[in-house]
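In: Take a look and give me a structure for this.
(one chain, ligands or ions: 1)
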Amino acid sequence: MALAAARRLLLHAGSRLGRREAVDGARRFANKRVLVETEGPAGVAVMKLRNPPVNSLSLECLTEFTISLEKLENDKSIRGVILTSECPGIFSAGLDLLEMYGRNPAHYAEYWKNVQELWLRLYTSNMILVSAINGASPAGGCLLALCCDYRVMADNPKYTIGLNESLLGIVAPFWFKDMYVNTIGHREAERALQLGTLFSPAEALKVGVVDEVVPEDQVHSKARSVMTKWLAIPDHSRQLTKNMMRKATADSLIKQREADIQNFTSFISKDSIQKSLHMYLEKLKQKKG
Ligand SMILES: CCCCCC/C=C/CC(=O)SCCNC(=O)CCNC(=O)[C@H](O)C(C)(C)COP(=O)(O)OP(=O)(O)OC[C@H]1O[C@@H](n2cnc3c(N)ncnc32)[C@H](O)[C@@H]1OP(=O)(O)O
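Out: Numbering: from 1, shown residues only. Okay, the predicted model is just below:
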């Protein structure tokens, strides 16, 4: 409830939490966890996630992300968005594990509703979305990239990308799976989902999780040149085509949003799933020590 009110305030009052300012002719607005700048080709915004240390998609981050997208959708001068990260070496660590561990069912339901909302807004966006994947991109991080129309990834073998949910002892929801199938085909998706494969950039390119791999210092310039190419297509025909390609996948979640929330809430509340998440979080901690 409080988040919904904050969302309305941010969206309509615009400048209270989300500041809009002019910098060298470029416009920018920033929430705490998402920075949006208009720069480069006309009509293009660059959206940078900045939720250190790993750009995990906490409830606050999801909300700010969704609001920023909504603002851009409402700004008729914006035709394309480059999605990238301000956290060195990390695109996004995906959903915030601490939102799914040790909380109550009402919290899980609220969290999942916001995950769905961001996904629907990204996946069905009328704007051209290009991701400049400049770091690790597991699970929900990969999901963000998969929503884009084109994916450029930095050629750094330390960075991996994929839907690795099964490694955590959880299961990718059907709409994550559908988008994976749409992107890499049924056989590759089936194998990668079961194994929880995290692909290196070269592997991701081979299997089709990303469209291009370039030297790390060229990720942004490549994303911009890709955007320029896409901007040359008339919006109405591109948008109608995108809608035709994506509508069925989006509709299958829209039809059953409430059931999906209930399914998530009961799944994630199970003792066995909480135990798996606990073990995974411990493993992340031990990796450091
Ligand atoms: C029907 C039911 C359906 C259920 C479906 C639920 C779907 C879930 C989709 C998801 O997105 S689940 C999240 C999956 N994410 C991951 O597996 C990524 C885990 N993280 C990593 O592998 C690494 O952290 C990294 C991203 C490769 C970065 O490595 P690095 O060495 O740079 O940092 P760390 O030291 O590992 O991490 C720093 C700090 O951040 C914490 N952290 C990492 N990832 C997350 C996360 N996703 N959520 C919350 N917190 C995260 C990590 O624990 C460290 O915390 P500390 O307090 O500093 O120890």
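In: Flag every residue of this protein that's near the ligand.
Out: Within the chain, the residues that sit near the ligand (C-beta under 6 Å from any ligand atom) are 53-54, 56, 90, 93-98, 136, 138-140, 164-165, 168, 170-171, 173, 263-264, 267, 284-285, 287-288. Every C-beta, even on glycine, is put in place using the N, C-alpha and C of the backbone.
In: Which of the residues you listed fall in helices?
Out: Residues of those located in helices (DSSP state H): Gly140, Asn263, Phe264, Phe267, Leu284, Lys285, Lys287, Lys288.
In: can you confirm Glu37 is in a helix?
Out: No - read with DSSP: H, G, I helix; E, B strand; the rest coil, Glu37 is strand and lies in no helix.
In: With Cys147 as the reference, measure out to it.
Out: 20 Å (C-beta to C-beta, to the nearest Å).
In: Which residue of those two possesses the greater neighbour count?
Out: Cys147 (21 against 17; other C-beta atoms under 10 Å).
In: Past the lowest-mean-pLDDT helix or strand in the chain, which element shows up next along the chain?
Out: Using mean pLDDT, DSSP states H and E, the weakest-scoring helix or strand in the chain turns out to be strand 19-23, at a mean of 45. Next helix or strand after strand 19-23 toward the C-terminus (DSSP states H and E): strand 26-30.
In: Could you check how far stretch 37-57 is from the centre of its chain?
Out: In this view, stretch 37-57 has its centroid 12 Å away from the chain centroid, taken as C-alpha atoms, centre = their mean, to the nearest Å.
In: Stretch 28-38 now?
Out: The chain centroid and the centroid of stretch 28-38 are separated by 16 Å under C-alpha atoms, centre = their mean.
In: Repeat that for stretch 226-235.
Out: The chain centre lies 22 Å from the centre of stretch 226-235; the measure is C-alpha atoms, centre = their mean.
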